[in-house]
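Enquirer: Predicted model and sequence below, questions to follow.
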Amino acid sequence: MTIKAIQTEYRGYKFRSRLEARWAVFFESMGWKWKYEHQGFNLGWDDAGETHRKWLPDFEIEIPSFCGGQRAYVEVKGDKNAFKDGRFCESLDFGGGPPLFDHSFRPAWLNDASFETGQVMPIVVLGDIPHQQWGALFLKVIGHSKGICTGWFMVNKKRLIGNESSVLWDAFRQEPQHDSIAYSMEDFDPIIIPTRLANKTIMDALDDARSARFEHGETPR
């Protein structure tokens, strides 16, 4: 028996799940622009070569920055098995990915992988909202550079940071509680790495998303 997510209203949108609505609250609290299910795409032919695989990103977001803003597609996945069959990444790698996706994305652990408006739109993958109360927030990002590449990006209020995030990884990689963290597509839940330095705006936005209640209309309490 399949259990269906509860449809949720917020800001005039009918979200397919409350997890999506809570991430919308996070974007709002961060001051990021967002559109819900704004544009769908054909990603390439299916295995039988008969029809195109279709994809409707859950969100398109724009993070305001000093360089004009960073944009990204967002996929919210509550199902931990969502990517295990490999079809999603195979479709993207086939050459039929969404606009601005296949354009000089550089893996975070090799180069400065910041991305500016009009240059590249990677896919940010969001799972459950993390519950760690203080630290540095990392999100899984899918990009394309001669093939699919994935990496963890550290969240700043005004951008997602690739290169600088390796400094925190180096600092915390040896901690026993983080041994299970891997660079794999299956591990896509956002991660908060405990650290003395943290951005209060980001932590407050996560708290807003976690505490949002939608039972009584559009405005979360």
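Expert: Arrived safely. Since we're looking at a predicted model, the values are computed, not measured.
Enquirer: Report all helices and strands that the helix or strand where residue 44 lies contacts.
Expert: Element membership for residue 44 (DSSP states H and E) is strand 41-45. Helices and strands touching strand 41-45, by 3 or more C-beta pairs under 8 Å, 6 or more residues apart in numbering; DSSP states H and E, are strand 52-55. C-betas here are computed from N, CA, C, even on glycine.
Enquirer: buried stuff in the strand it packs on?
Expert: 53, 55 (16 or more other C-beta atoms under 10 Å).
Enquirer: Same check on stretch 189-197?
Expert: Quick answer for stretch 189-197 (16+ other C-beta under 10 Å): 189-193.
Enquirer: quick one on the thing from earlier: avg pLDDT for the strand holding residue 44?
Expert: Strand 41-45 comes out with an average pLDDT of 75.
Enquirer: gap between residue 121 and residue 143?
Expert: To residue 143, residue 121 is 9 Å away according to C-beta to C-beta, to the nearest Å.
Enquirer: okay, those two: which has more neighbours?
Expert: residue 143 (27 against 24; other C-beta atoms under 10 Å).
Enquirer: looking at the sheet around the more buried one, what are its partners?
Expert: On the basis of DSSP bridges, residue 143 is bridged to residue 149.
Enquirer: sorry, back to before: need the overlap of contacts for residue 121 and residue 143.
Expert: Among the neighbours of residue 121, those also in contact with residue 143 (C-beta atoms under 8 Å, 6 or more residues apart in numbering) are residue 101.
Enquirer: just checking, next helix/strand downstream of the lowest-mean-pLDDT helix or strand in the chain?
Expert: For the chain, counting by mean pLDDT, DSSP states H and E, helix 165-172 ranks last in confidence among helices and strands (a mean of 57). For helix 165-172, the succeeding helix or strand toward the C-terminus, using DSSP H and E, is strand 191-193.
Enquirer: Tell me the first helix or strand C-terminal of that following strand.
Expert: helix 200-211.
Enquirer: Who are the packing partners of that next one?
Expert: helix 18-30.
Enquirer: and the next helix or strand after the helix it packs on, what's its mean pLDDT?
Expert: Later in the chain than helix 18-30, the nearest helix or strand by DSSP H and E is strand 33-36. The average pLDDT for strand 33-36 rounds to 95.
Enquirer: circling back to that earlier point, just put the buried residues of stretch 189-197 in JSON lines and tack on distance to residue 12 and pLDDT.
Expert: Below are those laid out as JSON lines (distance: C-beta to C-beta, whole Å; pLDDT from 0 to 100):
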{"residue": "189", "distance to residue 12": "28", "pLDDT": "86"}
{"residue": "190", "distance to residue 12": "26", "pLDDT": "90"}
{"residue": "191", "distance to residue 12": "32", "pLDDT": "85"}
{"residue": "192", "distance to residue 12": "30", "pLDDT": "86"}
{"residue": "193", "distance to residue 12": "35", "pLDDT": "80"}
